[in-house]
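In: A structural model of the following input is requested.
(one chain, ligands or ions: 1)
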Amino acid sequence: MDNSELKARFKEQFGHDCRLFFSPGRINLIGEHTDYNEGFVFPGAVDKGITLAIAPNGTRTVNVFPIDLEDETVCSFSLDTPSKPSQRWACYVFGVCMELAARGFLCDGFDATFTGNVPLGAGMSSSAAIDCVFAFALNELFCEGRIDKFELARIGQATENNWLGLKCGIMDQFASVFGKKGQLIRLDCRSLEYEYFPFNPKGYSLVLVDSCVKHMLGGEYNERRESCEKAVAAIACRWPQVKALRDATHDMLDAVRNDITETDYQRALYILDEKDRVLEVCDSLDKGDYENVGRCMYRTHWGMSRQFGASCPETDFLVETAAGCGVAGSRIMGGGFGGCTINLVRDDMMESFLESVRSAYNEKFRIEPKIYKVTVSDGTHEI
Ligand code: GLA
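Out: The predicted structure follows:
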């Protein structure tokens with residue numbers, strides 16, 4: 001649905017005009033599950049995301065409906081006697097209102113609808129795009145833009161943590177709000193210091209291959225996070241200065257191996273390796289060594305799969321197929337358990353790779369994988 005159709009649909013439903021806002025999904029070159037371990041990540045916003053049509057309605061009630069989800073009925077809730085909606089999608093909107101209020105930013109009633117072209121459950125953070133587009137728009141509509149971008153990202157993250165039950169880190173919301181055309185962002189998830197990295201690898205392109213295995217992040221994601229916290233607790237008994245896996249070394253983890261389960265040990269080991277890989281990738285990017293960037297991506301994938309336990313047979317197969325085609329780098333992207341692989345592909349082999357991966361995946365799983373060519377783009381903004 002294009003922007004003028006969206007405005008028309010809004011007017012038809014609510015009988016008045018609206019403003020439009022956009023918030024993107026994201027990719028992540030490397031640094032998976034490092035955000036809540038207070039390490040580094042390397043995301044960028046993409047040109048796909050959520051577009052929101054919204055306007056105040058002069059009441060204390062919020063009325064909102066989604067376009068192109070199965071259920072397009074309006075959900076209404078009161079801001080004076082708030083009670084959490086039953087529809088999952090509406091909890092994002094409700095959560096953002098509650099998180100704003102908890103920080104002393106009060107909004108009034110509004111009417112809204114939203115539509116998206118970022119695939120759901122594909123590891124591209126469609127949900128962060130929803131949190132962030134509402135946080136950004138409500139800031140403009142009711143708070144004269146007083147909330148800074150860091151706080152908008154935190155409001156999005158807190159919405160997921162407190163109202164959707166997902167104990168995610170800050171990466172997705174940060175990337176959605178801070179994205180910049182043509183630039184990846186190296187973000188230190190402890191200090192929130194960040195640096196833009198121009199990303200235009202000569203002779204290579206990024207392409208996402210969607211396994212079409214839908215992941216709904218929840219229990220399994222939170223369990224991975226708990227494993228990391230258990231490893232930190234064991235290490236901190238001996239090294240109290242260790243507050244997160246960011247501070248731990250391989251020697252420290254080995255020293256407590258018998259104090260934690262083998263599963264927790266392997267998951268923590270993946271994080272320590274991944275921490276090092278992010279730094280190695282930064283170094284390789286500085287040198288223009290994209291082949292090594294790609295090798296690091298493969299290592300991330302097999303770490304996610306074998307140590308962290310966050311892949312699935314379909315994404316493993318996509319990565320094996322990429323390796324078989326001689327693709328520079330390939331790995332599962334995002335929280336895991338399905339969704340897309342991100343592939344760094346030499347331009348001269350792009351078409352043959354896409355052809356091979358399509359037919360091999362189809363033959364093995366009887367599923368046509370979706371292919372997304374990615375353009376690194378701007379973050380949340382008014383249209
Ligand atoms: C999801 C979470 C992020 C991050 C990634 C894994 O996308 O929302 O905070 O942990 O998984 O890197």
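In: can you tell me how far residue 21 sits from the ligand?
Out: According to CB to the nearest ligand atom, to the nearest Å, residue 21 and the ligand sit 21 Å apart. Yep, even glycine has a C-beta here, placed from its N, CA and C like the rest.
In: Can you work out which other helices and strands pack against whichever helix or strand that residue is part of?
Out: Following DSSP states H and E, one finds residue 21 within strand 19-28. In terms of contacts (3 or more CB pairs under 8 Å, 6 or more residues apart in numbering; DSSP states H and E), strand 19-28 is packed against helix 3-14, strand 43-56, helix 126-142, helix 171-178, strand 381-382.
In: is it true that residue 210 touches residue 340?
Out: Yes. At 4.8 Å, residue 210 counts as touching residue 340 under the criterion of CB atoms under 8 Å.
In: More neighbours: the two, which one.
Out: residue 340 (29 against 24; other CB atoms under 10 Å).
In: State the distance from the more buried one to residue 39.
Out: From residue 340 across to residue 39, the span is 22 Å (CB to CB, to the nearest Å).
In: Can you report how many residues neighbour residue 16?
Out: With other CB under 10 Å as criterion, residue 16 counts 12.
In: about what we covered before: between residue 210 and residue 340, what contacts are shared?
Out: 122, 372 (CB atoms under 8 Å, 6 or more residues apart in numbering).
In: Which of the helices or strands spans residue 263?
Out: Here residue 263 is covered by helix 262-287, with elements defined by DSSP H and E.
In: tell me how far that helix is from the chain's mean position?
Out: How far helix 262-287 lies from its chain's middle: 18 Å, per CA atoms, centre = their mean, to the nearest Å.
In: Give the other helices and strands that that helix contacts.
Out: Counting contacts by 3+ CB pairs under 8 Å, 6+ apart, helix 262-287 packs against strand 40-41, helix 219-238, helix 250-255, helix 290-302.
In: Which neighbouring elements make contact with the shortest one?
Out: With contacts defined as 3+ CB pairs under 8 Å, 6+ apart, strand 40-41 has these neighbours: strand 183-188, helix 262-287.
In: Nearest to the ligand, out of those?
Out: The minimum distance between the ligand and these falls on helix 262-287, with 9.0 Å, by CB to the nearest ligand atom.
In: Quick check: buried residues in that closest one?
Out: By 16 or more other CB atoms under 10 Å, the buried positions in helix 262-287 come out as 264-272, 274-275, 277-278, 280-282, 284-285.
In: Also stretch 200-208?
Out: Neighbour-count burial for stretch 200-208, counted by 16+ other CB under 10 Å, picks out 201, 204, 206, 207, 208.
In: and what of stretch 184-202?
Out: Within stretch 184-202, the residues that count as buried by 16+ other CB under 10 Å are 184, 185, 186, 187, 189, 194, 197, 199, 201.
In: would JSON lines of those residues with pLDDT and distance to the ligand be doable?
Out: As requested, those are exported to JSON lines (pLDDT from 0 to 100; distance: CB to the nearest ligand atom, whole Å):
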{"residue": "184", "pLDDT": "94", "distance to the ligand": "14"}
{"residue": "185", "pLDDT": "95", "distance to the ligand": "14"}
{"residue": "186", "pLDDT": "94", "distance to the ligand": "14"}
{"residue": "187", "pLDDT": "96", "distance to the ligand": "11"}
{"residue": "189", "pLDDT": "96", "distance to the ligand": "9"}
{"residue": "194", "pLDDT": "97", "distance to the ligand": "15"}
{"residue": "197", "pLDDT": "89", "distance to the ligand": "18"}
{"residue": "199", "pLDDT": "86", "distance to the ligand": "18"}
{"residue": "201", "pLDDT": "87", "distance to the ligand": "22"}
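In: How about the backbone phi and psi for the nearest residue to residue 74 once chain neighbours are set aside?
Out: Nearest non-adjacent residue to residue 74, counting by CB to CB, 6 or more residues apart in numbering: residue 65, 4.4 Å away. Phi and psi for residue 65, reported as degrees, to the nearest 10, are phi -140, psi 150.
In: can you give me the helices in the stretch 51-200 of the chain?
Out: 88-102, 126-142, 149-163, 171-178 (DSSP state H, counting those that start in this stretch).
In: Point out the most buried one among those.
Out: A comparison of those by mean neighbour count, using mean count of other CB atoms under 10 Å, puts helix 171-178 on top with a mean of 29.
In: what about that one and the ligand, any contact?
Out: Yes. Helix 171-178 lies within reach of the ligand by CB under 6 Å from any ligand atom, at 171, 172.
In: tilt between that helix and strand 43-56?
Out: Counting by axes from the mean of the first three to the mean of the last three CA atoms, to 10 degrees, helix 171-178 lies at 70 degrees to strand 43-56.
In: residues making contact with helix 171-178?
Out: Taking CB under 8 Å, 6+ apart as the rule, helix 171-178 contacts 23-26, 28, 31, 35, 41, 43-45, 49, 125, 127-129, 131-132, 136, 149, 152-154, 156-157, 160, 185, 187, 189, 192, 194, 379-380.
In: Report the distance from that helix to the chain centre.
Out: Taking mean C-alpha positions (CA atoms, centre = their mean), helix 171-178 and its chain are 8 Å apart.
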